[in-house]
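> show me the folded form of this:
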Amino acid sequence: MMYLKPLVQRIFFAAAATTVMLIAGCGNQYDPAAPLEIINVASPAAPGSMAPHLAVTADGEAIMSWLEPVGEDAHAVKYSILHDNAWSEPKSIAEDNGWFVNWADFPSVVPITAQQWAAHWLVKQPGGTYSYNIALSTSANGGISWAKPLTPHTDNTPTEHGFVSLFPWSNDIGAVWLDGRNMKPDTAGSPSPVENKKYGGMTLRYARFSFNGETLEDGEIDNLVCDCCQTDVALAAAGPVVVYRDRTTGEIRDISVARYVDGGWAEPITVSDDAWKIAGCPVNGPAIEANGNNIIVAWYGAPKRKSRVKIAWSQDGGQTFAAPVIVDEARAKGRVDVTFLPDGSAMVSWVAQPTKETAELHMRRITTAGELGPIQLITAGKYSRNAGFPQMIRAGNRLIYAWPEPGEPRQVLTAFSSLDGG
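Numbers count the residues shown, from 1 in each chain. You can find the predicted model right below:
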């Protein structure tokens with residue numbers, strides 16, 4: 001969508017009914033109600049970079065990965081770690097000119113343990129535009145070197161495989177992704193392999209891998225989901241919980257979660273009956289975070305063309321959800337993220353579009369009782385639908401922000417806020 005450069009190194013904005021001022025907290029005590037100071041950090045990503053992704057290392061530091069052009073036609077997956085107030089020297093995991101590079105479907109680097117890391121990117125198949133595979137690589141030495149990538153899906157169909165969420169799964173690597181193996185093959189206009197076949201829709205699948213690349217289990221979670229909305233996974237007390245945009249045969253595309261319990265995935269449940277009927281994918285996935293049995297899901301929807309960002313809490317590990325709370329509407333465009341704060345409340349970030357040409361990255365605190373804090377501005381600038389997706393994550397006593405800034409050249413930018421009042 002958009003994204004925007006902070007105007008100065010430390011930015012303060014004024015709060016009124018529709019505008020917000022960020023005021024730095026005093027002292028060293030965490031005050032959950034105090035607005036946060038936004039501190040811009042020089043980005044490790046070079047001009048031309050795109051597709052940021054944030055994760056946290058075993059030491060509690062933020063790690064950012066992104067795509068960066070190398071040469072004329074190739075791209076590299078790079079990463080950097082935020083030490084104190086500066087990003088480390090970027091390191092490249094892999095590079096090639098045969099990748100699927102897209103503003104909505106982006107790679108990731110995820111530390112599973114202190115030494116065992118996982119990363120993924122997307123590789124084009126010959127033929128159609130949206131025929132591509134997932135490449136998954138592992139590192140046994142904390143990102144210094146990487147193994148030859150494997151493909152977590154084995155269907156060998158010329159269809160879409162992407163929108164991946166990697167996560168620690170006990171002592172293994174978990175992966176969830178959108179899988180188009182049941183859909184009509186993308187053969188770039190050539191006849192389909194099987195004429196007159198009745199094809200299905202996009203599915204949601206998973207796999208669990210050992211660190212040596214062995215597939216321990218895999219399968220289908222949902223046999224019909226939205227085609228190109230991001231997935232997300234949280235680790236609740238009982239195990240992984242995946243959130244995604246579901247799809248019915250009647251084209252209702254609301255948000256669902258599925259829990260891994262007793263050795264398998266429970267039947268998915270709908271988080272909120274928004275009844276958003278839309279014939280095409282909105283390219284606007286949900287976000288989830290867990291703290292024991294407390295789970296919060298954030299998402300965007302626009303039923304009857306009424307744009308809204310919502311959140312819903314679960315206090316039983318995702319089995320049931322309370323009535324949703326509207327975080328923002330009217331100007332909201334989605335691209336959400338969510339994380340827990342030290343007091344157990346949550347912070348949600350999203351994109352708003354105040355005018356046709358401008359956009360803003362906002363955040364707002366929500367308590368478990370559904371109480372909403374003031375809307376705070378992270379950054380503002382030009383609107384661009386295909387700029388990409390912002391990221392927000394909590395690493396220790398800080399919130400870290402990353403967003404793709406549109407323009408010529410585009411670039412991934414970063415900032416953070418302290419949560420300890422210092």
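> remind me which residues of the stretch 101-250 of the chain are low pLDDT?
188-196 (pLDDT under 70).
> 80 - rerun?
Scanning the stretch 101-250 of the chain for pLDDT under 80 picks out 127, 187-197.
> please enumerate the strands of it.
Residue ranges of the strands in the stretch 101-250 of the chain, as given by DSSP state E, counting those that start in this stretch, are 108-111, 117-124, 132-139, 161-169, 172-179, 203-209, 215-222, 232-236, 239-245.
> and of the ones you listed, who's closest to G71?
Closest approach to G71 among the strands of the stretch 101-250 of the chain is made by strand 117-124 (16.5 Å; Cβ to Cβ). Yep, even glycine has a C-beta here, placed from its N, CA and C like the rest.
> just the CA atoms of the closest one, as PDB, please.
Output of strand 117-124 as PDB, limited to C-alpha atoms (Å, rounded to 0.1, in the frame of the first residue of the first chain):
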ATOM      1  CA  TRP A 117      17.500 -21.200  11.800                       C
ATOM      2  CA  ALA A 118      15.200 -21.600   8.900                       C
ATOM      3  CA  ALA A 119      14.500 -19.400   5.800                       C
ATOM      4  CA  HIS A 120      12.300 -19.500   2.800                       C
ATOM      5  CA  TRP A 121      12.000 -17.900  -0.600                       C
ATOM      6  CA  LEU A 122      10.000 -18.500  -3.800                       C
ATOM      7  CA  VAL A 123      11.300 -20.000  -7.000                       C
ATOM      8  CA  LYS A 124       9.500 -19.700 -10.400                       C
END
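> who touches W276 in this structure?
Residues near W276 by Cβ atoms under 8 Å, 6 or more residues apart in numbering: 252-254, 301-303.
> go on, G71?
N97.
> look up how far S88 lies from it.
From G71 across to S88, the span is 24 Å (Cβ to Cβ, to the nearest Å).
> show me which of the contacts of W276 is closest to A175.
Looking across these and measuring by Cβ to Cβ, the closest to A175 is R253, at 23.1 Å.
> quick revisit: same list (the strands of the stretch 101-250 of the chain) but as a markdown table, adding distance to F416 and mean neighbour count.
As requested, the strands of the stretch 101-250 of the chain are exported to a markdown table (distance: least, Cβ to Cβ, whole Å; neighbours: other Cβ atoms under 10 Å):
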| stretch | distance to F416 | mean neighbour count |
| --- | --- | --- |
| strand 108-111 | 19 | 24 |
| strand 117-124 | 22 | 23 |
| strand 132-139 | 25 | 22 |
| strand 161-169 | 23 | 23 |
| strand 172-179 | 28 | 24 |
| strand 203-209 | 32 | 22 |
| strand 215-222 | 34 | 14 |
| strand 232-236 | 21 | 23 |
| strand 239-245 | 25 | 25 |
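> show me the one of the ones you listed that comes nearest P324.
Among the strands of the stretch 101-250 of the chain, strand 239-245 sits nearest to P324 (Cβ to Cβ), with 13.4 Å.
> give me the angle between the closest one and strand 232-236.
What separates the directions of strand 239-245 and strand 232-236 is an angle of 150 degrees, with axes from the mean of the first three to the mean of the last three Cα atoms, to 10 degrees.
> after strand 239-245, heading C-terminal, what element do we hit next?
As assigned by DSSP states H and E, the chain's next helix or strand after strand 239-245 is strand 255-261.
> now for the following helix or strand past that following strand, which elements pack on it?
As assigned by DSSP H and E, the chain's next helix or strand after strand 255-261 is strand 264-265. If contacts are counted by 3 or more Cβ pairs under 8 Å, 6 or more residues apart in numbering; DSSP states H and E, strand 264-265 sits against no helix or strand.
> ok, and what's touching strand 264-265?
206, 219, 221, 258-259.
> and with 6 Å instead?
221, 258 (Cβ atoms under 6 Å, 6 or more residues apart in numbering).
> ok, and the closest non-adjacent residue to G213?
Distances taken as Cβ to Cβ, 6 or more residues apart in numbering place L150 nearest to G213, at 5.2 Å, with adjacent residues excluded.
> how near is D222 to I288?
For D222 relative to I288 (Cβ to Cβ), the value is 15 Å.
> same thing with T367?
For T367 relative to I288 (Cβ to Cβ), the value is 18 Å.
> so between these two, which is more surrounded?
Neighbours were counted for T367 and for I288 using other Cβ atoms under 10 Å; I288 has more, 26 against 17.
> element containing that one?
Using DSSP H and E, I288 falls in strand 287-291.
> return the distance of that strand from the chain's centre.
Distance, stretch centre to chain centre, for strand 287-291: 11 Å (Cα atoms, centre = their mean, to the nearest Å).
> so what strands line up beside the next helix or strand after that strand?
Downstream of strand 287-291, the first helix or strand assigned by DSSP H and E is strand 294-301. Its sheet considered, strand 294-301 pairs with strand 287-291 (antiparallel), strand 308-314 (antiparallel) by DSSP bridges.
> alpha carbons of the longest one, as CSV, please.
Spelled out, it's strand 308-314. In CSV, the C-alpha atoms belonging to strand 308-314 read as follows (Å, rounded to 0.1, in the frame of the first residue of the first chain):
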residue,chain,number,x,y,z
ARG,A,308,-12.6,-2.0,9.2
VAL,A,309,-9.6,-3.2,11.2
LYS,A,310,-10.8,-5.6,13.9
ILE,A,311,-9.3,-7.6,16.8
ALA,A,312,-10.7,-10.5,18.8
TRP,A,313,-9.4,-12.1,22.0
SER,A,314,-9.4,-15.7,23.0
